[in-house]
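A predicted structure for the sequence below; I have some questions about it.
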Amino acid sequence: MSKKITPYKDSDLNKKKQVEQMFDTISTNYDGLNRVISFGIDVKWRKKVVKMVSDTNPSSVLDIATGTGDLAISLAQTGAKEVVGLDLSEGMLSVGRKKIAEKGLSQKIRMIQGDSEALPFEDDRFDAITVAFGVRNFENLEQGLSEILRVLRPGGIFVVLETSVPTRFPFKQGYHFYTKNLLPLIGKIFSKDKVAYSYLSESAAAFPHGETFNNILRNIGFNRVVNKPQTMGVATIYSASK
């Protein structure tokens, strides 16, 4: 089970509401900061996720924690007839809807506000489900994964892209220095929310990555669980099936 990290430790709100407010606050800066923080490598990681989903020829795809819709927009390339992006933050969704409209994809991609731990869909609804940099924000990780399993059709694919911690020298030491010192500094310079990027680095470090997360997926009921570290282990792509 993951260590519980909340954005605003002195807040009376639960983690879910704090995460929603945090992303509402940083929504207008989020895309640009993502490119700066990841040096643009996150685009390459997302392309790999899209390829994995595309290879299954899905008809319907759900992107959870869709944020501003970067992955949902890319998932339109899979040939799926329907792509649904779901997120807690209406601020992030608003930015995403504008991007989708500009690309002429409003008829194909639907963005809705919703809770990953209480998905508003019937059982066996989607051929493929993705989450990019979002599972570490679940208030109850096991509940969120159980909901994903419920709405994934039998034989469907579940793909997670999430940060992880490198294990080899000197990448491990460099990662810790960057996330502890430089990432919060970049957030303070470019974001209105000085706490947000400290939270993002802390939550990434606390997330149960690698084989630990594989085992959580298996315990929930997923099968064919595989993890593929990316870029010296700073991120990992997980795939599983139902």
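Yes, it's here.

Output the lowest mean pLDDT helix or strand found in the protein.
When the helices and strands of the chain are scored by mean pLDDT, DSSP states H and E, helix 183-190 comes last with a mean of 69.

Could you list every helix and strand in contact with the longest helix belonging to the chain?
Ranked by residue count, the top helix of the chain under DSSP state H comes out as helix 15-38. Packing partners of helix 15-38 (3 or more CB pairs under 8 Å, 6 or more residues apart in numbering; DSSP states H and E): helix 41-54, helix 90-102, helix 183-190, helix 196-206. Any C-beta I mention is one placed from the backbone N, CA and C, and that applies to glycine too.

could you redo those as a markdown table and give each row mean neighbour count?
Formatted as a markdown table, the helices and strands packed on helix 15-38 follow (neighbours: other CB atoms under 10 Å):
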| stretch | mean neighbour count |
| --- | --- |
| helix 41-54 | 18 |
| helix 90-102 | 18 |
| helix 183-190 | 16 |
| helix 196-206 | 21 |
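
Which one of the ones you listed lies nearest to residue 217?
helix 41-54 (15.2 Å; CB to CB).

State the mean pLDDT of the helix or strand just after that closest one.
Using DSSP states H and E, the helix or strand that follows helix 41-54 in sequence is strand 60-64. Strand 60-64 carries an average pLDDT of 98.

Relative to residue 85, how far out is residue 66?
3 Å (CB to CB, to the nearest Å).

What count of nearby residues applies to residue 177?
By other CB atoms under 10 Å, 12 other residues sit near residue 177.

With residue 40 instead?
Neighbourhood size, residue 40 [other CB under 10 Å]: 10.

cool, residue 154 as well?
Using other CB under 10 Å: residue 154 sits among 7 other residues.

again, but for the one 10 residues further on
Residue 164 has 23 neighbours, counted by other CB under 10 Å.

Low-confidence bits of the chain, can you list those?
Within the chain, the stretches with pLDDT under 70 are 1-4, 7-13, 32-39, 175, 186-197, 200-201.

what touches both of residue 66 and residue 85?
Shared contacts of residue 66 and residue 85 (CB atoms under 8 Å, 6 or more residues apart in numbering): 72, 93, 96, 111.

For this structure, give the strand that spans the most residues.
strand 152-163 (DSSP state E).
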